[in-house]
Structures are given as structure tokens and as C-alpha cells.
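Q: structure for this input, please:
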Amino acid sequence: QVQLVESGGGLVQAGGSLRLSCAASERTSSIYYTGWFRQAPGKEREFVAAISRSGSNRYYADSVKGRFTISRDNAKNTVSLQMNSLKPEDTAVYYCAADRNYGSVSYHDREYDVWGQGTQVTVSS
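A: Reported below is the predicted structural model:
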């Protein structure tokens, strides 16, 4: 069973940048889509971005479009999320997730069957 490990979270001031990484424990050829989700205290987990296995298709939540960029390096089995122009409302635990069964892009966490442990991102005003 593939495992996902996130890294790169931390504390940053508003307007700053962070780069999150998601490392898979094995080759990602079995993963159709890799997504990033986030969950702020007292809120439901929400979709942030997703990327297809080839990297040719990328999807973003409206709230991060133009500020965040998702990318992947299949040779290293990693997916990254570059976050620029961060806002306090971006504060959340960020999770990496893999879809090995659904096969199409999904904005719903129920379609992703493997999850990382999460990494905290805190943006101060």
C-alpha cells in the first residue's frame, strides 16, 4: 500500500510563500490523481488542487487560483504545492491524497483513498 508523507509546512507572514511536498513510498504509476486538501479549525476539509498522473492536467480551487501551483516529479515520486501570496485564511492543516480507483479528477475527498498525515500551515497577519 502506497504511503504519502507531507513536508514543508510552517509559519509565514501574509504575502509570503511556502512550498509543500508530498512524497510517495513507491512509484506513483498506480495513482490517477494526486490532490491537496486543507482543513482549518472548525471547518470541513476542502479541496485545494489536483494533478493528473502525467502532470498535464491541473485543477485548483477558486480561492487559490493564481497563487498556488501544483506540480509533480514522477522520477522522485513527489508532488509539490507552491503557495505564494499567502493569506491568513490559508491557515490550515494541508493533506496530500491519492486517487488509485476513481480515475477522474475529483474535488471531493471521498474519491481519494490514500492520505498523508498532514502538515500545518500558519499565515500570520
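Q: any idea how far W36 is from V93?
A: Relative to W36, V93 is positioned 11 Å away (CB to CB, to the nearest Å). No exception for glycine: its C-beta is placed from N, CA and C like everyone else's.
Q: who has more neighbours, the two?
A: W36 (26 against 18; other CB atoms under 10 Å).
Q: could I get the pLDDT score of Y102?
A: Confidence at Y102, expressed as pLDDT, is 84.
Q: does the residue nearest the centre of the chain fall in a helix, a strand, or a coil region?
A: The centroid of the chain falls nearest to W36 when counting by CA atoms, centre = their mean (2.2 Å). Counting by DSSP: H, G, I helix; E, B strand; the rest coil, the backbone at W36 sits in strand.
Q: isn't it right next to R58, touching?
A: No - applying CB atoms under 8 Å as the test, W36 and R58 come out as separate, 11.1 Å apart.
Q: quick one, what contacts the closest residue in space to V64 that isn't next to it in sequence?
A: With sequence-adjacent residues excluded and distances taken as CB to CB, 6 or more residues apart in numbering, V64 is closest to V48, at 5.8 Å. For V48, the contact set (CB atoms under 8 Å, 6 or more residues apart in numbering) comprises 35-38, 60-61, 64, 68, 81, 94.
Q: one more time with 7 Å, if that's ok
A: 36-38, 61, 64, 68 (CB atoms under 7 Å, 6 or more residues apart in numbering).
Q: and the furthest pair within these?
A: For the contacts of V48, the maximum inter-member distance is 12.5 Å, found between F37 and F68 (CB to CB).
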